[in-house]
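J.: next comes the sequence, and after it the predicted model I'd like to discuss.
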Amino acid sequence: MILVADRCRGVLYNCPTCATQFGSVEDLCNHLTDDPRCNGIPGRSAQARYHANSGCIYAFDQPNTFERMKAHDYEAHRTHNVYYPFAGREEWELAKFLSDNLNQGQITRFLKLLWVTLPAHPVHLIWHDTLEVTRHIFGNPAFANDMEFDSYGEWMSCSRAHDIQDQLPPGATIVLIVLASDKTPVTRQSGGLKMHPIHRAHAWSCIAYMPIPQFVCHPDFCSLLQARVWHRCVDIVCENLKITAATGTSMVDPSGHLRYTFTPLVAYTADLPEQQMIACVNVDPWKVQQFQEEAKALFLSGVQLPFWRDWRFSDPALFLAPDILHTLHKFFFDHIFKWCKEVLGADELDSRFRRQHKRIRTRHFAHGVSHVQQMTGREHRDIQRTIVATIAGVADMDFICAIHALIDFIYQAQSPTFTLSSIAAMSASLGEFHRFKGAIINAEARRGTSGPIEHFEIPKLELLTSFARAIPNLGAPIQFTSETSERMLITHCKSPFVRTSHQRASFTQQIVCLLDREDTARQFDLYALLRSKTLSLNNLIDNEFEEVIDIDPAFGWVARPRPVRNHFLKGLLSEDSTVAFHVTVTTDLADKPANFLEQLYRLPNFPNQLRSFIEFVNGSESHFQNRLLKVWYKFRLQLHSDLRPRLVMPSQQVQAYPPSEAYPLGNCDVVLLQTQNDGEHQIFRYRCGTYPVRMVFTLSTRGSALPPKLAEPLIYVQLFEVISRPQEDPAVMMYCVRRRVETGPDGTVARVGMIVPLIDVTHAVELIPEYGERFNRNVTAATSLELYDTFYLNSFSDKEWYHSLHADFW
C-alpha cells in the first residue's frame, strides 16, 4: 500500500523517540516503521516473535473512541456542563440509580409515563455490526496498555499467525477475531425461556442475541432448520468483518494512529453441540432426507451455507478451539468422577473428601461430593486436585494409573505455554490412559442405565486427541476457554432478565435496552471523568485508577489474571528474592513468654528449641533468652510463575493457629523449606520434613536492639521424612512422607521440631492422608493432619506446583 501525505514546506516533524527531524509526515511514518529502535513497545519480551510486515502506522492524530464523542451534537453544551443533556452530576446520578436498581415498569411508573407495548415478532434477530464493535474496542483508551500491533502474544507464536501475515500487504495489522456463543435458560423450573448470545471475545462485548425459532414440522428437521437460521444470522452480523478480512480497512488505535487492519476469525469458543452446529457436510442440500442422514452420521448439523464459507483465512478445522471447560472439566465430572464413585462407593468417597484438611482459597466439601448433580468449573478443579490420592488404597493399581493419566492430561493441557516436548508429554499421558483403561471396564466402573458399558465411545474423550493438533495452530487452549463466556451468560442474560417484565414476546428487547443503557452510561461516565479532570482522551489509563475501575468494569475482563497485590514491592524477601512474605503490622499475640506459648500451642519442646536457636545465632552468653515473643496466626507467601516468570502469582495464606474448640489440635498448613543441597531432583533441594507450621513468631523489640537474624520473623515447624519417591509408586506417582519422631531416655515418643527463619519457606503445599483401604472414622477435617502419620505430597494442589514438580521430566 502507498502512503499519501500532505507536505508542508518549512515544517519539520520530529521522531518522538530519537528526535530525528523529517520534512514530511510520510518520511516520519517510514522511519517509525523501518527503524526497530523507534517502533518498539517498551517492556516487550526480547524473546517474542514479530513479523517484519506488521503493525505500521499510516497517520497520526486521528480521533479515537472518546475523541469521536466530542463530535456529538451536545458537545457545544458540554463546554460548561460535561453532563449535558442532564442538568448536572446530581441528575445524572439519579438517572444511573433508576437504570441500575429499577426494572422497566418501575422506571415507567416513577416517571409517570404511559407503558409502551413492544410488538411481537416470530423471529427476531437483535445485533450490532461486529466491525463497529471491533472498531470501538480497537480505539478505546481503556485497552491501550493491553494492545500490541506487531506482536500478538501467545497467538503470534503459532504458525497460523505468520501464515496469515505473509498473505497480507506490507504494514498490515491483524485484529484477531475470537467469537464465543452458547444457549442458556433464563427461567428456573418453569417458563422455558432461553437466550442465545454471541460475544466478541478478548474484550467480551455482546454482539448479537440469536433467535431461537420453533418450527411446525417433523421433529427430525427442527434442529436442522434452527441451525440454518443461526448460520444465516451470523452471516448478517459478521458481514462487514468478512469484507474487512478480505480487503482490509482503516482503524484508529487508542493513541490516535491510523492503521490498516484485517479481521480474520482465528478462534471460536463453544461447547460440543455448538461446534457440531458450526461444522457442515458435503452432500446435495436439496436432498433433505439424504442430507440429514449424512449429517447425523458425522454428528454434524446439516447446514449447506455455513457462515464461515466466505470468511477469508477461516477454516473450522483450525478456528474451532479445544474448550477446556466442556472438554476437560465437564468430561471429568460426567465420566472420570463417576468411575471413581463406582469403585469406592459414594459413602467412602464422601468420607475421604470430608476429612481433608481445609486450606484457604480452596473449596472444602464438608458434605461430600457424591450427592452434587451440577457443579461449576471451579468445583470440578477442586475435586481434580485430590482425586488421585483420595482413591489410593481402595482402587486397583491399573485403575489408579488410568485416572492419574487423565488428570495429568487435564493439567498439561491448561499450561499457558507449550513446547514440542510438553505437547509430546501431553500426548503420552493420553496414551497412558488408553494403556490402562481396561481396568475401568474390568471394575465395571463405566455404567449406564442398563448396567455396565463395555466400550469407551465417548465424544469428549475422542476430542482429547484434538488438543495436540490444535496447539501448533492456535497456541495455548487456556486463552480460548469458555469459562469467561459462561460468566457472560449471567451478566448479559440471567441477571438483566430479572429486571424485565418476563414476557416471552419482549423480554429480549428489554434486556438489550438495559444493557445498552448501562454501556452508554459507562462510556459517558468515563468520558465525563476524563473531561472533568482535564485528562487527555488518548491517555493510557492506569488499571489501578480506582474511580475508573468502578465506572468501567471492562478492566476486570482485560486483566487476566485479575490484578493481585504485589508483596515483592514492600514485603519480606527470601535470600534469592524468589519468594515474598507478608505479615500484618499488628500481631495476634504480643509480649508473651515462651512458657505461655508452650502451654497454648501444646509444644512441650518449644522453650528448649528457642533457647538452642538463640544460642546458635547469638552465642551461649546471649541475654535475649528471656525476651518476650510476638505471635502471628498466619502469614502470606507469594511466588513468580514458573512458566511466565514476569507474572506475580496471587499470594497464598499459611495458617498456624493454636488449639481451640473448633480445632482441638491446632490448625496448621504445610510448607517446604530451602536447603543448599544440589544435584538432586527439585523436591530434594528442600527440607521436605518441615511440616506443618505450628507457630509464627518474632522476638519483642522492647529492650536492647536485636541482631538481624533474631529481629526477623521465625517459624516453629515439625519434621516429616520422605519414605518413597514417585517412581516407587507408579500408580499414585507422588512423594510419600511420614511424621518424624524421636524416643527420649524415658521411652516417651515425641515429634521432632525446629525453629527456622520465615524467609526459608519456598512453597505452601498440601498433604493428603494415606487412608488405606478404609478411612479412620475418628478423624475429622480439623484433625486429619494430626491423627494420620503417613501422607501423600499432593502434586496436583495447583497448576503452578504441578508444573514445578514436572519441569525436570519435560
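T.: In hand now; what should we look at?
J.: C-alpha only now, for contacts and for neighbours.
T.: Noted.
J.: need the pLDDT of Ser157.
T.: Ser157 carries a pLDDT value of 71.
J.: touching, it and Asn473? I think so.
T.: No. Using C-alpha atoms under 8 Å, Ser157 is not in contact with Asn473, being 9.0 Å away.
J.: name the SS class of Leu597, please.
T.: For Leu597, the assignment made with DSSP: H, G, I helix; E, B strand; the rest coil gives helix.
J.: how near is it to His128?
T.: 66 Å (C-alpha to C-alpha, to the nearest Å).
J.: the nearest residue to Val237 once chain neighbours are set aside: neighbouring residues, count only.
T.: Nearest non-adjacent residue to Val237, counting by C-alpha to C-alpha, 6 or more residues apart in numbering: Asp129, 5.8 Å away. Using other C-alpha atoms under 10 Å, Asp129 is surrounded by 15 other residues.
J.: could you check the pLDDT of Val668?
T.: Just to correct that, residue 668 is Cys rather than Val. On the pLDDT scale, Cys668 gets 93.
J.: please read the previous query as pertaining to Asp808.
T.: pLDDT, read off for Asp808, is 44.
J.: which helix or strand in the protein has the lowest average pLDDT?
T.: Counting by mean pLDDT, DSSP states H and E, the chain has its least confident helix or strand at strand 686-687, which shows a mean of 42.
J.: now the element after that strand, going C-ward?
T.: Counting by DSSP states H and E, the next helix or strand C-terminal to strand 686-687 is strand 690-699.
J.: any idea which helix or strand comes after that following strand?
T.: Scanning onward from strand 690-699 (DSSP H and E), the first element met is helix 708-711.
J.: contacting residues around Thr130?
T.: By C-alpha atoms under 8 Å, 6 or more residues apart in numbering, Thr130 lies in contact with Arg200, Ile207, Val237, Cys238, Asn240, Leu241.
J.: which one is the fourth one nearest to, not counting chain neighbours?
T.: Across the structure, with C-alpha to C-alpha, 6+ apart as the measure, the residue nearest Cys238 apart from its sequence neighbours is Thr130 (5.8 Å).
J.: for the first one, same thing?
T.: Of all residues beyond its chain neighbours, the one nearest Arg200 is Leu179 (4.9 Å), with distances taken as C-alpha to C-alpha, 6+ apart.
J.: end to end on stretch 771-791, go ahead and measure it.
T.: Start-to-end span of stretch 771-791 (C-alpha to C-alpha) is 8 Å.
J.: just the mean pLDDT for it, thanks.
T.: Averaged across stretch 771-791, pLDDT comes to 89.
J.: likewise stretch 336-348?
T.: Rounded mean pLDDT across stretch 336-348 is 93.
J.: chain center to it: distance?
T.: Centre-to-centre, stretch 336-348 and its host chain are 29 Å apart (C-alpha atoms, centre = their mean, to the nearest Å).
J.: list the buried ones in it?
T.: Applying a neighbour-count criterion of 16 or more other C-alpha atoms under 10 Å, the buried positions in stretch 336-348 are Ile336, Phe337, Lys338, Trp339, Cys340, Lys341, Glu342, Val343, Leu344, Ala346, Glu348.
J.: kindly report the same for stretch 795-810.
T.: By neighbour count on 16+ other C-alpha under 10 Å, the buried set for stretch 795-810 is Ser795, Phe796, Ser797, Asp798, Glu800, Trp801, Tyr802, His803.
J.: and the pLDDT at the second one?
T.: At Phe796, the pLDDT value in this model is 93.
J.: where's it, which helix or strand?
T.: Remark: Phe796 resides in no helix or strand, with elements defined by DSSP H and E.
J.: quick one: contacts for the residue nearest to it when sequence neighbours are not counted?
T.: Spatial nearest neighbour of Phe796, excluding adjacent residues (C-alpha to C-alpha, 6+ apart): Arg385 at 4.9 Å. Under the criterion of C-alpha under 8 Å, 6+ apart, the neighbours of Arg385 are Asn794, Phe796, Ser797, Asp798.
J.: any chance of those in a markdown table, with distance to Tyr601 too?
T.: Below are the contacts of Arg385 laid out as a markdown table (distance: C-alpha to C-alpha, whole Å):
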| residue | distance to Tyr601 |
| --- | --- |
| Asn794 | 27 |
| Phe796 | 31 |
| Ser797 | 27 |
| Asp798 | 30 |
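J.: hey, where'd the helices end up in the stretch 551-700 of the chain?
T.: Ranges of helices within the stretch 551-700 of the chain are 554-558, 594-601, 606-618, based on DSSP state H, counting those that start in this stretch.
J.: now the ones you listed in TSV, with mean neighbour count and mean pLDDT?
T.: Output for these, formatted as TSV (neighbours: other C-alpha atoms under 10 Å; pLDDT from 0 to 100):
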stretch	mean neighbour count	mean pLDDT
helix 554-558	17	47
helix 594-601	15	94
helix 606-618	16	90
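J.: now distance to Leu325 too, for these, in CSV please.
T.: CSV is the format used below for these (distance: least, C-alpha to C-alpha, whole Å):
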stretch, distance to Leu325
helix 554-558, 18
helix 594-601, 44
helix 606-618, 48
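J.: to Phe86, which of those helices lies closest?
T.: Proximity to Phe86 (C-alpha to C-alpha) singles out helix 554-558 among those, at 24.6 Å.
J.: can you give me the strands in the stretch 551-700 of the chain?
T.: Here the stretch 551-700 of the chain has its strands, by DSSP state E, counting those that start in this stretch, at 572-573, 579-582, 589-592, 629-632, 634-639, 652-657, 667-668, 670-674, 686-687, 690-699.
J.: if you could redo that for the stretch 201-350 of the chain, that was the one I meant.
T.: Here the stretch 201-350 of the chain has its strands, by DSSP E, counting those that start in this stretch, at 205-209, 249-252, 258-262, 265-269.
J.: also the stretch 701-810 of the chain?
T.: 714-724, 735-739, 741-743, 749-751, 753-757, 761-765, 767-769, 790-793.
J.: and those, which is most packed in?
T.: strand 767-769 (a mean of 26; mean count of other C-alpha atoms under 10 Å).
J.: list the contacts of it.
T.: Strand 767-769 is contacted by residues 356-357, 386, 389-390, 670, 784-785, 788-794 when judged by C-alpha under 8 Å, 6+ apart.
J.: parallel or antiparallel, list what pairs with that strand.
T.: For strand 767-769, the paired strands and their directions (DSSP bridges) are strand 790-793 (antiparallel).
J.: give me the contacts around the strand it pairs with.
T.: 389, 734-739, 765-770.
J.: same thing but 7 Å
T.: With contact meaning C-alpha atoms under 7 Å, 6 or more residues apart in numbering, strand 790-793 is reached by Ala389, Met734, Tyr735, Cys736, Val737, Arg738, Arg739, Glu766, Leu767, Ile768, Pro769, Glu770.
J.: contact partners for the fourth one?
T.: Shown here is Cys736, whose contacts under the criterion C-alpha under 7 Å, 6+ apart are Val722, Ile723, Ser724, Arg725, Phe791, Tyr792, Leu793.
J.: who are the neighbours in contact with the first one?
T.: Val722 makes contact with Tyr735, Cys736, Val737, Arg738, according to C-alpha under 7 Å, 6+ apart.
J.: and it, how far from Met734?
T.: From Val722 across to Met734, the span is 11 Å (C-alpha to C-alpha).
J.: before we move on, the earlier item: what would the strands of the stretch 551-700 of the chain look like in TSV with mean neighbour count?
T.: Compiled in TSV, the strands of the stretch 551-700 of the chain are given as follows (neighbours: other C-alpha atoms under 10 Å):
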stretch	mean neighbour count
strand 572-573	20
strand 579-582	22
strand 589-592	15
strand 629-632	21
strand 634-639	22
strand 652-657	22
strand 667-668	26
strand 670-674	21
strand 686-687	21
strand 690-699	24
